[in-house]
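1. Pasted the sequence and its predicted model underneath.
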Amino acid sequence: MRTALGEPDARAAVTFLGTDRIEVLRFQEGDLVRYATLGMSALPMTDPTATLADPVKGPRAELVLSVRGGLADTDKVLRALAVLASSPQVEGVVVTPGASLDVGEPLWPGAPFTSVLVAEPGGLVEDLELDEPLDPVRFLPLLPMTPNEAAWKRVHGAQALQERWLTNGTDLRDPTRTSVPLE
């Protein structure tokens with residue numbers, strides 16, 4: 001992450017009962033603020049229907065959220081990101097591109113978003129190759145969704161929502177944006 005994002009200017013750690021410690025790092029780059037989890041990839045994600053969890057093989061990921069700084073109190077997103085990053089350990093969720101993750105409350109105070117869409121990795125932070133037989137760590141971008149967008153995505157799919165955002169020129173890094181027109 002340091003190669004792609006530089007040195008973090010802040011970090012916080014959260015531990016939930018029965019889980020490993022999750023850190024959230026904050027990186028400032030011009031007017032952009034990026035938050036990245038650290039610790040989610042310590043264990044592979046396991047299909048919740050699997051009889052046994054493989055302690056070595058399986059997908060590994062960290063989460064990255066990018067927002068424009070100075071428009072909202074987005075530093076309060078640290079706890080929400082830690083909750084999302086712990087979901088594979090707590091709920092047995094395998095986080096993949098196209099998935100929705102919901103925290104059930106605003107991502108930060110006054111945020112119009114309660115959930116995120118997991119986007120395709122590889123654009124900002126390249127995968128981190130690990131020694132065999134470990135899967136590489138993928139750095140998954142998170143795109144904040146309003147409740148209306150999340151509901152629309154459940155019906156029409158992630159691709160359709162991303163096309164809607166693109167067609168409307170939606171600034172997905174604006175922490176105060178409103179929902180894209182969905183009609």
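-> Now that the structure is in, tell me what you want to look at. Bear in mind that the values here come from a model prediction, so they are computed numbers and not experimental data.

2. Near Leu38, how many other residues are there?
-> 18 (other Cβ atoms under 10 Å). The way it works is simple: take the backbone N, C-alpha and C, and place the C-beta from them, glycine included.

3. For the longest helix along the chain, enumerate the helices and strands it packs against.
-> The longest helix of the chain (DSSP state H) is helix 77-91. Under the contact criterion of 3 or more Cβ pairs under 8 Å, 6 or more residues apart in numbering; DSSP states H and E, helix 77-91 touches strand 10-14, strand 22-29, strand 32-38, strand 60-68.

4. So what are the sheet partners of the third one and their directions?
-> Strand pairing for strand 32-38, determined by DSSP bridges: strand 22-29 (antiparallel), strand 60-68 (antiparallel).

5. all helices in this structure, in order from the N-terminus.
-> Under DSSP H, the chain gives helices at 2-5, 77-91, 147-156, 158-167.

6. Please state the offset of the longest one from the chain centre?
-> Right, helix 77-91. Between the centre of helix 77-91 and the centre of its chain there are 9 Å (Cα atoms, centre = their mean, to the nearest Å).

7. What of stretch 166-176?
-> From the chain centre to the centre of stretch 166-176 is a distance of 17 Å (Cα atoms, centre = their mean).

8. Which positions within it qualify as buried?
-> Under the neighbour-count criterion of 16 or more other Cβ atoms under 10 Å, stretch 166-176 has 170, 172-173, 175 buried.

9. try stretch 89-103
-> Those would be 89, 93-95, 100-101, 103, for stretch 89-103 by 16+ other Cβ under 10 Å.

10. ok, now stretch 154-163?
-> 158, 161-162.

11. Now it - C-alpha only, PDB.
-> Provided in PDB are the C-alpha atoms of stretch 154-163 (Å, rounded to 0.1, in the frame of the first residue of the first chain):
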ATOM      1  CA  ARG A 154     -30.300  -5.700  -5.800                       C
ATOM      2  CA  VAL A 155     -32.800  -5.700  -8.600                       C
ATOM      3  CA  HIS A 156     -30.700  -4.700 -11.600                       C
ATOM      4  CA  GLY A 157     -27.200  -5.800 -10.600                       C
ATOM      5  CA  ALA A 158     -23.900  -4.100 -10.000                       C
ATOM      6  CA  GLN A 159     -23.000  -3.600 -13.700                       C
ATOM      7  CA  ALA A 160     -26.300  -1.700 -14.300                       C
ATOM      8  CA  LEU A 161     -25.700   0.600 -11.300                       C
ATOM      9  CA  GLN A 162     -22.100   1.300 -12.400                       C
ATOM     10  CA  GLU A 163     -23.400   2.100 -15.900                       C
END
